[in-house]
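Student: okay, predicted coordinates and the sequence, questions at the end:
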Amino acid sequence: MTKLEPNEQLLTGSWIVQDGKVRGDPICVRIEWLLAHHLQKVTDSPQSGAWETLYLDPHDGRYWERTYPHGELHGGGPPQLKRLTPDEAK
């Protein structure tokens, strides 16, 4: 799996239906890997009921927000990681 590249700004996962089962696409898999092995959790948003989480990339100090842009789907839908400026992260 690859860490976040300097030019990346947004990773949006999608769901794939295969053999009657729903699974995350390669972007979902990468997001989960980044959360488990690379990014450091800063905080959950109390206003969103923890559906928005702020992370820090220890390699370059950039902030990333995990959200679920298709919240109407079961389990919140596939995840998204979006780079935030320090001011946005505040």
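Tutor: Noted; the coordinates are in hand.

Student: report the separation between the spatially most distant residue from the centre of the chain and residue 36.
Tutor: Ranked by distance from the centre of the chain (Cα atoms, centre = their mean), the top residue is residue 19, with 26.0 Å. Residue 19 sits 26 Å away from residue 36, going by Cβ to Cβ, to the nearest Å. Bear in mind the C-beta positions are built from the backbone N, C-alpha and C, glycine included.

Student: please name the bridge partners of the closest residue to residue 86 other than its chain neighbours.
Tutor: Distances taken as Cβ to Cβ, 6 or more residues apart in numbering place residue 63 nearest to residue 86, at 6.6 Å, with adjacent residues excluded. Beta-bridge pairing for residue 63 (DSSP bridges): residue 56, residue 84.

Student: got the confidence number for residue 63?
Tutor: In the prediction, the pLDDT value recorded for residue 63 is 98.

Student: I'd say it and residue 41 touch.
Tutor: No: using Cβ atoms under 8 Å, residue 63 is not in contact with residue 41; the gap is 11.4 Å.

Student: which residues do those two both contact?
Tutor: By Cβ atoms under 8 Å, 6 or more residues apart in numbering, residue 63 and residue 41 have these common neighbours: 54, 55.

Student: between those two, which is the more surrounded one?
Tutor: Using other Cβ atoms under 10 Å, the more surrounded residue of residue 63 and residue 41 is residue 63, with 19 against 11.

Student: okay, the more buried one and residue 32: tell me how far apart.
Tutor: From residue 63 across to residue 32, the span is 19 Å (Cβ to Cβ).

Student: show me the shaky parts of this protein.
Tutor: The chain contains residues with pLDDT under 70 at 71-76.
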